[in-house]
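Asker: this one's sequence-less:
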């Protein structure tokens, strides 16, 4: 990764992140969200010997540093731990020196994204120096998605109920994996149902046929992209939810399965593409250890 790509990938106020993490009470709030993501203010207050006003102030600092993001569910505002700034700092200050060894010793992303197995939800917020129109194009146009989605082109007319088709190679056929458009409000909101595991995943992840059969029984989840102008930049929040309990798909999209970078890697590549003109480079496989 070049210096310009690294700077674009970080994209956060690093000083604000470190200041937010310097307070023990704020670290406790992040710990609570790490154990159970998606809590209301009332639930977070119950675990701390602080007033509601104090907790609100700490959450505001964490939100300003992009360490916490919120999603409305009916009348409640739920708080989620956002791993984007920590992942960016790890990439800039750790992985640049010894990427493969660090990944082998400790998966920071996995530690940050553990969820309650009853109803796992993945939430990720990032800020991109682009326009809502260009970001929308990057989400829906096949030529765009192919560049940052590992060669995958997505195709649809993006009308509610229409299929979202996948093409894995430039000369391949578009496949219908059962995904359907759930909502499409140009430059503001896009939502579609997610595909299930495919037979090729068994070989990729090293599953037996029995393990694959169990994964195929998971219910279909959905992903939602929320686009909000933020000064001269755009705030993109990705919410992926409606998973089965103890979902293997949830672990895959959040990057917790070996060999799967999930949404964090894909969104980092999207951000870098829009800001620099080039996606993140493909990770270089670590050479196999010599036979003893």
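Answerer: Received, thanks. Nothing here was measured: the structure is a model prediction, and the numbers come from that model.
Asker: where does the residue lying closest to residue 205 once chain neighbours are set aside fall, helix, sheet strand or coil?
Answerer: Spatial nearest neighbour of residue 205, chain neighbours left out: residue 257 (6.3 Å); criterion: CB to CB, 6 or more residues apart in numbering. Using the backbone N, CA and C atoms, a C-beta is placed for each residue, glycine as well. Following DSSP: H, G, I helix; E, B strand; the rest coil, we place residue 257 in the coil state.
Asker: was I right to think residue 257 contacts residue 250?
Answerer: No: between residue 257 and residue 250 there is no contact under CB atoms under 8 Å: 9.8 Å.
Asker: okay, helices next: where are they in this protein?
Answerer: Secondary structure of the chain (DSSP state H): helices located at 3-10, 14-21, 24-35, 41-46, 52-64, 84-90, 96-105, 108-112, 132-140, 142-148, 199-205, 209-216, 248-253, 262-276.
Asker: contacting residues around the third one?
Answerer: It stands for helix 24-35. Helix 24-35 is contacted by residues 20-21, 39, 44, 47-48, 50, 54-55, 58-59, 61-62, 67-68, 79-81, 111-112, 114 when judged by CB atoms under 8 Å, 6 or more residues apart in numbering.
Asker: can you check the second one too?
Answerer: For helix 14-21, the external contacting residues (CB under 8 Å, 6+ apart) are 26, 27, 30, 61, 62, 64, 65, 66, 67, 85, 86, 89.
Asker: quick check: buried residues in that helix?
Answerer: Residues 16, 17, 20, 21 are the ones in helix 14-21 that count as buried (16 or more other CB atoms under 10 Å).
Asker: please apply the same query to the fourth one.
Answerer: Judged by neighbour count (16+ other CB under 10 Å), helix 41-46 contains these buried residues: 41, 44, 45.
Asker: would you reformat these as TSV and include distance to residue 159 and pLDDT?
Answerer: Below are the buried residues of helix 41-46 laid out as TSV (distance: CB to CB, whole Å; pLDDT from 0 to 100):
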residue	distance to residue 159	pLDDT
41	38	88
44	40	88
45	43	87
